[in-house]
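[1] Whatever this is, show me its structure:
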Amino acid sequence: MSYESQVFKIPRESEDYEECSTFVTNTVEEIIKNAIESGQNKIFINTNLKLGLPMENINKIAGPFVEAWASETFQLIADDKSNKYSLMNVEAVERLHMADVILQFKRQRKVESGVTAEVDVKATAEDIDNSGKSPNITSFARIRTAYVEDPDYIFIILSLKHRVYSTRNQESGLMDGIMEVVKYNAYDLKYISSRDLNYNPALGTGQIQVRDIHYVDIEKRNTWEFCQLLDKKYLQSSRRTFEQWLSLAETKGWIKKDD
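    Numbering: from 1, shown residues only. Below is the predicted model:
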C-alpha cells in the first residue's frame, strides 16, 4: 500500500477562486494601508508604572493587542454599510479557531453574491530581530480537512509589523505604552511557495509553519495541488510515517473507503 495507490477525495475549486483570493488579499492590504496612512494605527496602553515598560519583553504581549486592533479595524469599516471595501460582516472567532477573524465581502459571482475569508493575524516586532519570524499557522490535519470540505476555502495570513515605545503621560506623570502598526502583508496560504512552507511535527498532528514571514514568494496552485503539497510536507518529516498519514486520511475523510 502506498500514497499513490489511495483513492482520494479530490477537492475542485470554483473557476473564480483565484479572482476572489486576489480581491480579498488586495482589499485586506488596502484596509491596513489606509489605517496606517490615516494615523489610525496606534494602540494606547495606560499603566501605573513610573519608570517605563519592560521593552525587552514587550513583544510577548504585543501579539494579542495587534490582533485585537486588526479585528476592530475591520469591524469599524463593516459598521459603515456603504463602505468602499464592500466589507459586509466581521466575526471575531474563539481562541482555538484556525483564524482570528472571519470577513465577508459583497461580490457578484456566478452562483454567489459574496466572498468569505478567514484571516489569521501574525504580529512581529519591527525592532526585535527574528521576532515571530517563523510562526506556526495551524494544525496540519485541520487545514487539510478544511480544504477537502470546502475547496473554495480562503485562508489569509495577515502579517503586521509593529513598533512599541513608552512615553510619560503629562497628566498623571506615569508611563504609557504605545504600540504602532507600521508594515503589513497579506498572503493566501494556498499560494505560498513550497520553499516558504515548513511542517513542524510538534503539537498533535503537527503545524504548518511559514519559514520567514517577511520574505514570502507566491506560487499559484489549485486546491488539490495544495492538499498534495501538505501531504508531502508531512510525509517528508522524519518523525512521521505513511501509516500515521493513512490513519489520519481515513479518520478525517480524505480518501474513499470500500463499503
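[2] what sits against the closest residue to Ala146 other than its chain neighbours?
    Distance criterion C-beta to C-beta, 6 or more residues apart in numbering; nearest residue to Ala146, sequence neighbours excluded, is Tyr153 at 5.1 Å. For the C-beta atoms, the positions are set from N, CA and C on the backbone; glycine is no exception. By C-beta atoms under 8 Å, 6 or more residues apart in numbering, the contact set of Tyr153 is Glu118, Ala146, Tyr147, Thr223.
[3] go on, Glu118?
    Per C-beta under 8 Å, 6+ apart, neighbours of Glu118: Val93, Met98, Ala99, Val101, Ile102, Leu103, Tyr153, Ile154, Phe155, Ile156.
[4] mind redoing it with 7 Å?
    Residues in contact with Glu118 (C-beta atoms under 7 Å, 6 or more residues apart in numbering) are Met98, Ala99, Ile102, Ile154, Phe155, Ile156.
[5] nearest to Asn57, of those residues?
    Ala99 (26.5 Å; C-beta to C-beta).
[6] What distance do you get for the nearest residue to the closest one once chain neighbours are set aside to Thr25?
    Nearest in space to Ala99, with sequence neighbours left out and distances taken as C-beta to C-beta, 6+ apart, is Glu118 at 3.6 Å. Going from Glu118 to Thr25 by C-beta to C-beta, to the nearest Å gives 13 Å.
[7] Mind listing the shared neighbours of the two?
    Counting by C-beta under 7 Å, 6+ apart, the residues touching both Glu118 and Thr25 are Ile156.
[8] So in terms of bridging, what pairs with the residue nearest to Ala99?
    Ile102, Phe155 (DSSP bridges).
[9] if we can go back for a sec, ok, of the contacts of Glu118, which one's closest to Thr47?
    Closest approach to Thr47 among the contacts of Glu118 (C-beta to C-beta): Ala99, at 30.5 Å.
[10] Roughly how far does the closest one sit from Lys133?
    20 Å.
[11] Which of the two has more residues huddled nearby?
    Neighbours of Ala99 and Lys133, each counted by other C-beta atoms under 10 Å, are more numerous for Ala99; the result is 21 against 14.
[12] wait, doesn't that one sit right on Val93?
    Yes - between Ala99 and Val93 there is a contact at 6.3 Å, judged by C-beta atoms under 7 Å.
[13] Among the contacts of Glu118, show me the least confident.
    Across the contacts of Glu118, the smallest pLDDT goes to Met98, namely 84.
[14] Could you count how many residues lie near that residue?
    16.
[15] Report the contact partners of it.
    Glu118, Asp120, Thr138, Arg142, Ile143.
[16] Phe105 belongs to a helix?
    No - Phe105 is assigned strand when assessed by DSSP: H, G, I helix; E, B strand; the rest coil, not a helix.
[17] Return the residues in contact with it.
    Val24, Thr27, Ser86, Leu87, Met88, Gly114, Val115.
[18] what's the closest of the residues you listed to Asn200?
    Lowest distance from Asn200 to the contacts of Phe105 (C-beta to C-beta) belongs to Val24, with 26.3 Å.
[19] Show me where the stretch 1-150 of the chain dips below the pLDDT cut-off.
    Within the stretch 1-150 of the chain, the set of residues satisfying pLDDT under 70 comprises 128-131.
[20] what about the helices in it?
    Applying DSSP state H, counting those that start in this stretch to the stretch 1-150 of the chain gives helices spanning 17-37, 59-79, 140-149.
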